[in-house]
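Participant: can't give you the sequence, but here's the structure:
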């Protein structure tokens, strides 16, 4: 591992990309500590602590996860990259529903236009969310009965300033992500999210150590800590296994004679990932599941309202069942959006390829669809498990593991993708990478 890192810095282009990526990530973390103007930090902390204790408060923690803690501190990067993620998901869904967008996505320059539309959608969403946040901060006393106002003098110009600042912050973070993807190493947007998640690790470790030393009722015992660490290890191992798992469908290309050249006759495969949907199903499910309790939290505390709040509470078995069901359903839905078996079958037939034993055309599309349906089930069950199992242990461990499953999924996936890109650079320059092939080394030794 150490030798591979040294080799990575020996390649000038790769060294420049790594340094460039690190510098932009440092800029992002610095901006995540610049607070919005006119806000009382003490009143803001009181406000968010009260919101997190209410039903539906977990959605605040989920948003704060993606912003790296900038949302709860109301910094210039409070919205983080979430508007861009929402705009990207909406554009992907619209490309399936609207034929003109679907046609545009298949054109040579169509992806650039869709990316431009995504940027416009990001700016629009950040403006709407910025206005909403400014009014929530202004009316914090009325929402939770807070004694100290967050904003001492909320004028119209202050609302406009907050909206412009949050919109500019989101646009700048989006630009940072695109620059990292283009001129750095790894996927910029994913790396920004990962850095935000990792930045909360020191505070979490400090909290666990203080609770382990504490002797009161809020303390943490060694068996609880051991179970918590075991859950993290199992989650990491499971995530690596699922992220790297693929089903390879063999493909044979027929031989064609073009002039004096003989083309085709090759054997390859179609790799279908077990978890083709990634993190998106959890994002969809968490958004839908937290909407009802968030609305109910601001209603008068009547009997039926309290009953619904209890049913939609994270500790409720009914909540966990619905949550897991939504994740499984969204996994199948988003996989179907991402992968089109009919188009894959048409492309195979166009280039003279076929699956051995399967007729080209509809039979091939049905075969790919059936295979995809079967392999998606383990990925869907894994996503549901990594989201729900930490919630089961949260009431006993009380370490704040509500989003640890999602955090592990994001961090491990991004690390694997980044390591894979570094591996490709090292392989091209004849260096050994992080993942060494011992069989190849054995042959060279002999």
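Facilitator: Received the coordinates, thanks. In this text the structure is predicted, and so the values were computed from the model without any measurement.
Participant: and residue 172, how far from residue 199?
Facilitator: To residue 199, residue 172 is 18 Å away according to Cβ to Cβ, to the nearest Å. The way it works is simple: take the backbone N, C-alpha and C, and place the C-beta from them, glycine included.
Participant: quick one: mean pLDDT over stretch 34-48.
Facilitator: In this model, stretch 34-48 carries a mean pLDDT of 83.
Participant: what comes into contact with that stretch?
Facilitator: For stretch 34-48, the surrounding residues in contact (Cβ atoms under 8 Å, 6 or more residues apart in numbering) are 60, 72-78, 137, 140, 144, 146, 148-154, 158, 161-162, 165-166.
Participant: for that stretch, the distance to its chain's centre please.
Facilitator: Computed by Cα atoms, centre = their mean, to the nearest Å, the separation of stretch 34-48 from the middle of its chain amounts to 27 Å.
Participant: that stretch: which residues count as buried?
Facilitator: 36, 39, 40, 43, 44, 46, 47, 48 (16 or more other Cβ atoms under 10 Å).
Participant: which pair in those spans the largest distance?
Facilitator: 36 and 46 (16.4 Å; Cβ to Cβ).
Participant: just the ones of the contacts of stretch 34-48 in helices?
Facilitator: 60, 72, 73, 137, 140, 144, 158, 161, 162, 165, 166 (DSSP state H).
Participant: pick out the lowest-pLDDT one from the residues you listed.
Facilitator: Minimum pLDDT across the ones in helices among the contacts of stretch 34-48 is recorded for residue 144, with 56.
Participant: one step back: now the buried residues of stretch 34-48 in JSON lines, with secondary structure and distance to residue 252?
Facilitator: Putting the buried residues of stretch 34-48 into JSON lines (DSSP: H, G, I helix; E, B strand; the rest coil; distance: Cβ to Cβ, whole Å) gives the following:
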{"residue": "36", "secondary structure": "coil", "distance to residue 252": "60"}
{"residue": "39", "secondary structure": "strand", "distance to residue 252": "64"}
{"residue": "40", "secondary structure": "coil", "distance to residue 252": "69"}
{"residue": "43", "secondary structure": "helix", "distance to residue 252": "68"}
{"residue": "44", "secondary structure": "helix", "distance to residue 252": "63"}
{"residue": "46", "secondary structure": "helix", "distance to residue 252": "67"}
{"residue": "47", "secondary structure": "helix", "distance to residue 252": "63"}
{"residue": "48", "secondary structure": "helix", "distance to residue 252": "59"}
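Participant: let's check: the centremost residue of the chain is which one?
Facilitator: residue 279 (4.7 Å; Cα atoms, centre = their mean).
Participant: that one against residue 410, yeah?
Facilitator: Yes: counting by Cβ atoms under 8 Å, residue 410 is a contact partner of residue 279 at 5.8 Å.
Participant: in the chain, where's the longest helix?
Facilitator: Max-length helix for the chain by DSSP H is helix 362-397.
Participant: following that helix, which helix or strand comes up?
Facilitator: Scanning forward in sequence from helix 362-397 by DSSP states H and E, the next helix or strand is helix 404-428.
Participant: ok, residues contacting that next one?
Facilitator: Contact with helix 404-428 is made by 4, 7-8, 11, 13-14, 62, 65, 185-187, 190-191, 193-194, 197-198, 231-232, 235-236, 239-240, 243-244, 278-279, 282, 286, 383, 386-390, 432-435, as judged by Cβ under 8 Å, 6+ apart.
Participant: got a PyMOL select line for the buried ones in the residues you listed?
Facilitator: The buried subset of the contacts of helix 404-428, as determined by 16+ other Cβ under 10 Å, is captured in PyMOL by this line:
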select buried, resi 4+7+8+11+14+62+65+185+186+187+190+191+193+194+197+231+232+235+239+243+278+279+282+286+383+386+387+388+389+390+433
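Participant: the contacts of helix 404-428 in strands, which ones?
Facilitator: Among the contacts of helix 404-428, DSSP state E puts none in strands.
Participant: what is the least confident helix or strand in this structure?
Facilitator: Ranked by mean pLDDT, DSSP states H and E, the weakest helix or strand in the chain is helix 438-445, scoring a mean of 45.
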